[in-house]
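>>> This is a predicted model, with the sequence first.
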Amino acid sequence: MTSPAPFTAADYRARMNRAAEDALAAGLAGLVVAPGPDMDWLTGYRPAAATERLTLLVLAVGREPVLIVPTLESGDVEKAPGGEALTLRDWRDGVDPYGLAAPLLADGGRFGVSDNAWALHLLGLSRALPSSSYVALSEALPMLRAVKDAAELERIAAAGASADATYEEIKKVTFAGRRESEVAKDLAGLLIGFGHSQVDFTVVGSGPNGADPHHEAGERVIGDGDTVVLDFGGLMHGYGSDTTRTVHVGEPDDEVRKVHAVVQEAQQAGCAAVRPGVACQEIDRAARAVIEEAGYGEYFIHRTGHGIGVTTHEPPYMIEGEEQPLVPGMCFSVEPGIYLPGRFGVRIEDIVTVTEDGGRRFNRTSRELAVVA
């Protein structure tokens, strides 16, 4: 499998410039970005671990992007893909890093701060800039990473194809008589084998465990007659995959077939509703209406979808009350489900991108109820 061309320093500079301009348009004095997915997307720099030592990207219109970083890690920044687009301000242990940051952030300004910033660091900035205020980046600029360019879409498509290949192979393994954790290990190995660099989750919910949408694969032994929810994904080329299919060990009874058919119809309705200009909540409404009409509304207990990109969960969210209109290039899951407590669950999930005239799925495996051994 051919790897996509890497992002360049020019790509990262363009992202940082756009982020600064978006911040200005939102009435912010600038952005302060801690290590995590936002910093990774903006700069290509991903510290080995976030620590008590302050690392902070400062962005504002009319200023060069500045990365405040501990001296002992400055060499790593220079090796990052976007490193040459950054001005480094390094600091040694014993120096007050918040005092170093203060001149870059006019006191009294309102700044967007990445959601995963440590309270320790935000409190340090507040002491150095007592008149400044902060707002979460996902609240101030929820669409910062939501609209993907062609290179990003290529990566998400590759991750989706890898997840699809994983599903096709997992259907061939034996389920009956094995623990959920064993099947989960198979899923993880297949994802890596088909090109993923990181596995984030492998949900294997058999029988009554399938009624828990985020069940962690456990030691329950899968039996003949079990419905099994398989939800798995991770990162490939830095971008996420996330797909769910429901299988059945042996021939399913009429009720399982009925519930699965309702979820399949709901998932199709959600995907069919995708087109530019439609509010995110309309995707949730379209899928939920099918399940409610079938009499299972109280058993659909989560939103219909979430955005995906450099993380597997990010804005936008397909949920009632989200009026953000869909824009070509947005990518998100459509994953309705029905969960019957103590009995079984069914979920079907594809990643979808908004096109100029509708939507396109990145997952193409059959959505029919598969029978496994």
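Received the coordinates, thanks. Numbering: from 1, shown residues only.
>>> Does the worst-scoring helix or strand of the chain on mean pLDDT pack against any helices or strands, and if so which?
Lowest on mean pLDDT, DSSP states H and E among the helices and strands of the chain sits helix 74-79, with a mean of 90. When contacts are defined as 3 or more C-beta pairs under 8 Å, 6 or more residues apart in numbering; DSSP states H and E, helix 74-79 packs onto strand 87-91. No exception for glycine: its C-beta is placed from N, CA and C like everyone else's.
>>> quick one: the strand it packs on to chain centroid distance?
Put simply, strand 87-91 sits 30 Å off its chain's centre (C-alpha atoms, centre = their mean, to the nearest Å).
>>> Tell me the buried residues in it?
By neighbour count on 16 or more other C-beta atoms under 10 Å, the buried set for strand 87-91 is Arg89, Asp90, Trp91.
>>> How is Glu356 assigned, secondary-structure-wise?
Assigned by DSSP: H, G, I helix; E, B strand; the rest coil, the conformation of Glu356 is coil.
>>> which residue packs closest to it, ignoring adjacent ones?
Nearest-residue entry for Glu356: Pro328, 5.4 Å, with adjacent residues in sequence omitted and distances by C-beta to C-beta, 6 or more residues apart in numbering.
>>> who's in contact with that neighbour?
Val147, Pro276, Val354, Thr355, Glu356 (C-beta atoms under 8 Å, 6 or more residues apart in numbering).
>>> mind checking the end-to-end distance for stretch 38-57?
Distance across stretch 38-57, first residue to last, is 10 Å (C-alpha to C-alpha, to the nearest Å).
>>> again, but for stretch 211-228
Using C-alpha to C-alpha, the two ends of stretch 211-228 sit 10 Å apart.
>>> rewinding a little: closest one to Glu265 out of the contacts of Pro328, please.
Distance to Glu265, by C-beta to C-beta, is smallest for Val354 among these, at 21.7 Å.
>>> Distance-wise, check the closest one relative to Val183.
The spacing between Val354 and Val183, counted by C-beta to C-beta, to the nearest Å, is 33 Å.
>>> Looking at these two now, which is surrounded by more residues?
Val354 (25 against 22; other C-beta atoms under 10 Å).
>>> Look up which residues are beta-bridged to that one.
Gly359 (DSSP bridges).
>>> For the protein, just list every one of the helices.
When assigned using DSSP state H, the helices of the chain occupy the ranges 9-25, 37-43, 74-79, 97-101, 119-128, 137-140, 150-170, 180-193, 254-272, 280-293.
>>> can you pick the most crowded of the contacts of Pro328?
Highest neighbour count within those: Val354, with 25 neighbours (other C-beta under 10 Å).
>>> which parts of the least confident helix or strand of the chain are buried?
Applying 16+ other C-beta under 10 Å to helix 74-79 flags Val77 as buried.
>>> rewinding a little: right, so of the helices of the chain, which gets closest to Gly112?
So among these, helix 137-140 is nearest, using C-beta to C-beta, at 4.3 Å.
>>> Quick one: list the elements packing against the closest one.
Going by 3+ C-beta pairs under 8 Å, 6+ apart, helix 137-140 lies up against strand 110-113.
>>> Help me confirm that Gly109 comes into contact with Leu31.
No: checked against C-beta atoms under 8 Å, the pair Gly109 and Leu31 is beyond contact range at 10.8 Å.
>>> Could you check which of those two has the larger neighbour count?
Between Gly109 and Leu31, Leu31 has the larger neighbour count (other C-beta under 10 Å), namely 28 against 15.
>>> what's the distance between the more buried one and Ala19?
For Leu31, the distance to Ala19 equals 6 Å [C-beta to C-beta].
>>> Spell out which residues are contacts of both of these two.
Shared contacts of Leu31 and Ala19, defined by C-beta under 8 Å, 6+ apart, comprise Leu59, Leu141.
>>> Surely Gly124 and Leu54 touch.
Yes: with contact defined as C-beta under 8 Å, Gly124 reaches Leu54; the gap is 7.0 Å.
>>> ok, Phe232 - contacts?
Ala163, Thr166, Leu187, Ala188, Leu191, Val199, Phe201, Thr202, Val203, Asp242, Thr243, Thr244.
>>> redo that, cut-off 10 Å
163, 166-167, 170, 184, 187-188, 190-191, 196, 199-204, 217, 241-245 (C-beta atoms under 10 Å, 6 or more residues apart in numbering).
>>> Can you spell out which residues form a bridge with it?
Beta-bridge partners for Phe232, by DSSP bridges, are Thr202, Thr243.
>>> mind starting the numbering at 353 from now?
Fine by me, first position is 353 from now on; the one you just mentioned is Phe584.
>>> can you pull the pLDDT of it?
Phe584 is assigned 98 on the pLDDT scale.
>>> Find me the pLDDT at Tyr691, would you?
pLDDT at Tyr691 comes out at 98.
>>> Report the beta-bridge partner residues of it.
Here Tyr691, judged by DSSP bridges, has bridge partners Gly697.
>>> Correct me if wrong: it contacts Gly649.
No: with contact defined as C-beta atoms under 10 Å, Tyr691 does not count as touching Gly649 (11.9 Å).
>>> Would you check that Ile703 makes contact with Thr595?
Yes: contact criterion C-beta under 10 Å: Ile703 and Thr595 qualify, at 6.9 Å.
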